[in-house]
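A.B. asks: only geometry, no sequence info:
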């Protein structure tokens, strides 16, 4: 079993909401524990952030996590190609919806 943790601002804004949706999808798809923690003293990284088994997933562009960033992280952790491809597709759908419907990009 793995742990998916989203570090979020309180109240969560645009990227925090996107990362929370990523975390929910990952937890559901992988059968992992998924949680949201408020950004405060003692959190390992600043919000917004997504941690898989305690390790932060780093956005390649330095700003926002893309499905490719998460997929690459999961591959490095040993998840299979078919599973990673399915997850990447699911996360891309979430990102597209966030951009189109939830006013993403803020």
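C.D. replies: Received the coordinates, thanks. Here the structure is a predicted model, which is why all the values come from computation and not from measurement. Numbering: from 1, shown residues only.

A.B. asks: can you map out the helices along this protein?
C.D. replies: In the chain, the helices defined using DSSP state H lie at 14-30, 67-76, 81-101.

A.B. asks: What residues of the longest one count as buried?
C.D. replies: Applying a neighbour-count criterion of 16 or more other C-beta atoms under 10 Å, one finds 84, 87-88, 90-91, 94-95, 98 buried in helix 81-101. For glycine as for every other residue, the C-beta is placed from the backbone atoms N, C-alpha and C.

A.B. asks: Show me what that helix is packed up against.
C.D. replies: In terms of contacts (3 or more C-beta pairs under 8 Å, 6 or more residues apart in numbering; DSSP states H and E), helix 81-101 is packed against helix 14-30, helix 67-76.

A.B. asks: hmm, which two among the buried residues of helix 81-101 are most spread apart?
C.D. replies: 84 and 98 (20.5 Å; C-beta to C-beta).

A.B. asks: got the contact list for the nearest residue in space to residue 10 that is not next to it in sequence?
C.D. replies: Spatially, and ignoring its direct neighbours in sequence, residue 10 is nearest to residue 38 (4.8 Å; C-beta to C-beta, 6 or more residues apart in numbering). Taking C-beta atoms under 8 Å, 6 or more residues apart in numbering as the criterion, residue 38 is in contact with 7-10, 47.

A.B. asks: Below-threshold pLDDT in this structure: ranges please.
C.D. replies: 1, 41-42, 102-106 (pLDDT under 70).

A.B. asks: Next, count neighbours for the residue nearest to residue 64 when sequence neighbours are not counted.
C.D. replies: Counting by C-beta to C-beta, 6+ apart, the nearest residue to residue 64 once its immediate chain neighbours are dropped is residue 15, at 5.9 Å. Around residue 15 there are 21 other residues, counting by other C-beta atoms under 10 Å.
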